[in-house]
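> what follows is a predicted structure for the sequence shown.
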Amino acid sequence: MVLSKRITIQAAFFWGMLFFNITVFAQQSADFVNPFIGTSNYGAAFPGPIAPRGMASISPFNVAGSQNKLEKDSQWLSNPYVHENTFLTGFSQVNLSGVGCPELGILLLMPTTGAVEINHLTYGSNYSNELAKVAYYSVNIDKYNVKAEFTASKRVGVSKFTFPKGKSNVLLNLGLGLTNEEGAMVKVVSSSEIEGMRSVGSFCYNSPEAAYPVYFVARFSKPADQFGVWKKPSKYKGTEAQWMTYNGKARMMENTTKMVVGDSIGTYFSYQFDKEETVEVKIGVSYVSIENARENLEKETGNKSFADIYKETYNEWNTELSKIKVEGGSKEEKTIFYTALYHTLIHPNTLNDYNGEYPEIKRGKIGKTENTRYTVFSLWDTYRNLHQLMSLAYPQQQSDMVKSMLQMYDENGWLPKWELNSTETFTMVGDPASIVIADTYLKGIRDFDVQKAYSAMLKGADQIENNPLRPGLKDYIEKGYLTTNDRGPVSTTQEYNASDYSISLLAKALGKKEDEQRFKNRSLSYRKLFDKNLRLLRPRTADGKWYEPFDPVAGANFEENVGFIEGNAWQYAFMVPHDIKGLIQLMGGEKAFGSQLQKVFDSKQFDMANEPDIAYPYLFNYIKGDEWKSQEMVQKLVREYFQNQPKGLPGNDDTGTMSAWLVYSMMGIYPIAPGDPVYTITTPMFDKITIQLDSKYYKNKSIVIEREKNTDGKISKIELNGKRLPGFFISHDDFVNGKTLKVIQN
């Protein structure tokens, strides 16, 4: 159990007594999770409950109102909750975790007492006694003396409010949210049920025409004594306003059961209690229809109690988290590790309803799947390590993710780039799905249509005209690089190189020798951007000349610059993981390479909070005799940037990418070259790590990583099944087909 700084001893005692009958005496993997990690320092995590890869999730919403230190409308803020804020205006039922742009954060439920107030800045409240753990969040709402508790199933958020004696209300605000889209519909079905829809969209301020609905059904455990709908219309000016007596005034429609449509609308359910009472609210959601939202609610939660739903979701989390078991290490280290693993199991998340239906990408049609249709593919981030972790420990999920990508190709004509709820946002650059698919296949997960996948990859790599995945492809193919006429020409060239290398590996596995060589050659074209004097990559103009003036440091801290996307020349200098040996030669040998790599860290150009240089600490393993630097650097970064506190992530979690880096780093292995099924090895931070393997994909039941720690010094040797490895690298096949990987320190 992990508590916020605001919790009291009494609240902790209450929680322990409340769920005493369903707690497990021995501390389980799920018990180490602290959902508050990543809720500060722009980590963009939220502390509320969600099932593994859930569609529904509940988060306290405390980013509205000037009372808060970080407010959603005054800056670029992508999270519904910030730990240092103090004023909440409800609890959103559909949220994103670890993303860089505002979206969702909608369907805000809020308990109040006394007269009904519909302005969130008026009915909002300070709060205290926060508590968060896997599948559970609770808080006291100070203004009303109401205790709020929450849990969730896959597609249903469950709220429990304990009200004092007197008049009490449950508000459902459809106007407030993180999304930049407007518009909603609501209908009170009865005194215990509401149905409706909220429009969302414009992620990263893109594609407003692709806005889409989130449908919901809310069911209350007690019928309301009174209910109603409110609507606050826009205010007209000029002549028309003179005769509109209701101009701009909120309308309170008591006991109405008609459908109401608008931007700033909501409902209230009111009760008159003569003693302390609880009201539970279950909200089923769907991206297909109100009928499906209702079916999701009924099939998943039915007549189950709050405690039953919590227990089911907790057990599901514990099963998933226990697929990697760690022994040794401190409680703090286990908390950091399992919270990171928890964050990797939120996105990509479930899109399809209980009956298998989901909205097809772009078409507006309804599809149906027998597997899980996944969504939220932040692939520029996750291609680097998260999907590799899924292939290792959760291969069935990874297989369904690849199948989801291929369904998107069938529906949209292209593999996804940054897909969100069946909209393609085209956020960031590169062609990352090709890397993920190749990596998955080469790790032995092959229960998908690889020929279709390969055709899709070739389309993205070769179609010059009207190609949304690879802008600037004509220059790339003809010159070997993008020019300053394109956005981020150097880093985008590097991204295309990485994808082409993965295509070459898949072509080799499929026996397509000509394609193998063609794409391998294409993957090395970054060399044309290498400035041997600076020993850095730099942009070229359309006529092939070096871009001037060139500042290698420009681009740090997300500053716009000519050559690179979210980074600078130092942060991209080594982002050619498929050709490190070639880069070593370009730089003049191992000594020069190592010296230049060390400069990234010494000059404080390394950015732990962003992806381009995320693998750099491991690159010292390519230099014989310098491997200790990787061991030292990785441990230093883990201690500095990953902590058991709200600011315990280096920055935006990027849908689990930063957390996946931490999971691998603490296990002592890392997928050094995305697409290439190879791990590099460093010092494990636990005595023993047991990774459970799925028998459908791997022959062994598990693989064990052990640390033999004679001193705190360098790794002296590495053994697989008692046989010494020649270096600090191991293939995926050798790793999963082994029994024990032992890392020995002397």
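Noted; the coordinates are in hand.
> give the residue farthest from the middle of this structure.
With CA atoms, centre = their mean as the measure, the chain has its most outlying C-alpha, relative to the mean C-alpha position, at residue 243: 50.5 Å.
> how far away is that residue from residue 532?
77 Å (CB to CB, to the nearest Å). (Each C-beta comes from the backbone N, C-alpha and C, glycine too.)
> list the buried residues of stretch 510-522.
For stretch 510-522, the neighbour count (16 or more other CB atoms under 10 Å) marks 512, 515-516, 518-520, 522 as buried.
> return that stretch as PDB; C-alpha atoms alone will do.
Extracted in PDB, the C-alpha atoms of stretch 510-522 (Å, rounded to 0.1, in the frame of the first residue of the first chain):
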ATOM      1  CA  LEU A 510      11.600 -14.100 -45.400                       C
ATOM      2  CA  GLY A 511      14.200 -15.000 -48.000                       C
ATOM      3  CA  LYS A 512      13.900 -11.700 -50.000                       C
ATOM      4  CA  LYS A 513      17.600 -11.100 -50.700                       C
ATOM      5  CA  GLU A 514      17.300  -8.200 -53.100                       C
ATOM      6  CA  ASP A 515      15.100  -6.300 -50.700                       C
ATOM      7  CA  GLU A 516      17.400  -7.200 -47.800                       C
ATOM      8  CA  GLN A 517      20.400  -5.600 -49.500                       C
ATOM      9  CA  ARG A 518      18.400  -2.600 -50.900                       C
ATOM     10  CA  PHE A 519      17.100  -1.600 -47.500                       C
ATOM     11  CA  LYS A 520      20.300  -2.400 -45.700                       C
ATOM     12  CA  ASN A 521      22.100   0.100 -48.000                       C
ATOM     13  CA  ARG A 522      19.400   2.600 -47.500                       C
END
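> run through who's touching that stretch.
Here stretch 510-522 makes contact (CB atoms under 8 Å, 6 or more residues apart in numbering) with 450, 454, 458, 461, 477, 480, 496-497, 500-501, 503-505, 507-508.
> which of those residues are buried?
450, 454, 458, 461, 480, 496-497, 500-501, 503-505, 507-508.
> tell me who's in contact with residue 509.
441-442.
> and if we set it to 10 Å?
For residue 509, the contacting residues are 438, 441-442, 446, 450, 454, 516, by CB atoms under 10 Å, 6 or more residues apart in numbering.
> will you turn the residues you listed into TSV that also has pLDDT, distance to residue 562 and secondary structure?
Conversion of the contacts of residue 509 to TSV gives the following (pLDDT from 0 to 100; distance: CB to CB, whole Å; DSSP: H, G, I helix; E, B strand; the rest coil):
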residue	pLDDT	distance to residue 562	secondary structure
438	98	31	helix
441	98	36	helix
442	98	35	helix
446	98	42	coil
450	98	39	helix
454	98	35	helix
516	98	34	helix
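> residue 477 in helix, strand or coil?
Following DSSP: H, G, I helix; E, B strand; the rest coil, residue 477 is assigned to helix.
> right, and it touches residue 462 too?
Yes. In this structure, residue 477 is within contact of residue 462 by CB atoms under 10 Å, at 8.1 Å.
> overlap of the contact sets of those two?
With CB under 10 Å, 6+ apart as the test, residue 477 and residue 462 both reach residue 470.
> could you find the closest non-adjacent residue to residue 457?
When the adjacent residues along the chain are set aside, residue 457 lies closest to residue 434, with 4.4 Å between them (CB to CB, 6 or more residues apart in numbering).
> got phi/psi on the one you found?
With angles defined as degrees, to the nearest 10, residue 434 sits at phi -60, psi -40.
> how many neighbouring residues does it have?
Neighbourhood size, residue 434 [other CB atoms under 10 Å]: 31.
> try residue 617
27.
> settle this for me: it is touching residue 682, isn't it.
Yes. In this structure residue 617 lies within contact range of residue 682 using CB under 10 Å: 8.3 Å.
> mutual contacts of the two, please.
Between them, residue 617 and residue 682 share the contacting residues 630-635, 665, 670, judged by CB under 10 Å, 6+ apart.
> now the strands for the stretch 601-746 of the chain?
Using DSSP state E, counting those that start in this stretch, the strands of the stretch 601-746 of the chain run over 669-670, 678-681, 688-692, 702-709, 715-720, 723-724, 729-731, 740-745.
> helix/strand/coil for residue 139?
strand.
> was I right to think it contacts residue 91?
Yes. Contact criterion CB under 10 Å: residue 139 and residue 91 qualify, at 8.9 Å.
> anything in contact with each of those two?
Residues touching both residue 139 and residue 91 (CB under 10 Å, 6+ apart) are 48, 60, 62, 148, 150.
> can I get the contacts of residue 509 in TSV with distance to residue 466?
As requested, the contacts of residue 509 are exported to TSV (distance: CB to CB, whole Å):
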residue	distance to residue 466
438	24
441	28
442	30
446	31
450	26
454	21
516	27
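> list just the nearest of those residues to residue 299.
Of all those, residue 446 has the smallest distance to residue 299: 32.2 Å, by CB to CB.
> burial count for the closest one?
Neighbour number of residue 446 under other CB under 10 Å is 14.
> max pairwise distance over the shared contacts of residue 617 and residue 682: which two?
Farthest pair in the shared contacts of residue 617 and residue 682 (CB to CB) is 632 and 670. Separation: 14.8 Å.
> helix/strand/coil for residue 314?
Here residue 314 is recorded as helix under three-state DSSP.
> wait, it sits on residue 50?
No. Contact status for residue 314 versus residue 50: not in contact, 11.9 Å apart, counting by CB under 10 Å.
> joint contacts of the two?
Common neighbours of residue 314 and residue 50, using CB under 10 Å, 6+ apart, are 134-135, 151.
> now those residues as CSV including distance to residue 112, pLDDT and neighbour count?
Output for the shared contacts of residue 314 and residue 50, formatted as CSV (distance: CB to CB, whole Å; pLDDT from 0 to 100; neighbours: other CB atoms under 10 Å):
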residue, distance to residue 112, pLDDT, neighbour count
134, 29, 98, 30
135, 26, 98, 29
151, 22, 98, 29
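> residues touching the residue lying closest to residue 736 once chain neighbours are set aside, list them.
Of all residues not flanking residue 736 in the chain, residue 698 sits nearest, at 5.0 Å (CB to CB, 6+ apart). The contact partners of residue 698, by CB under 10 Å, 6+ apart, come to 392, 395, 443-445, 691-692, 733, 736-737.
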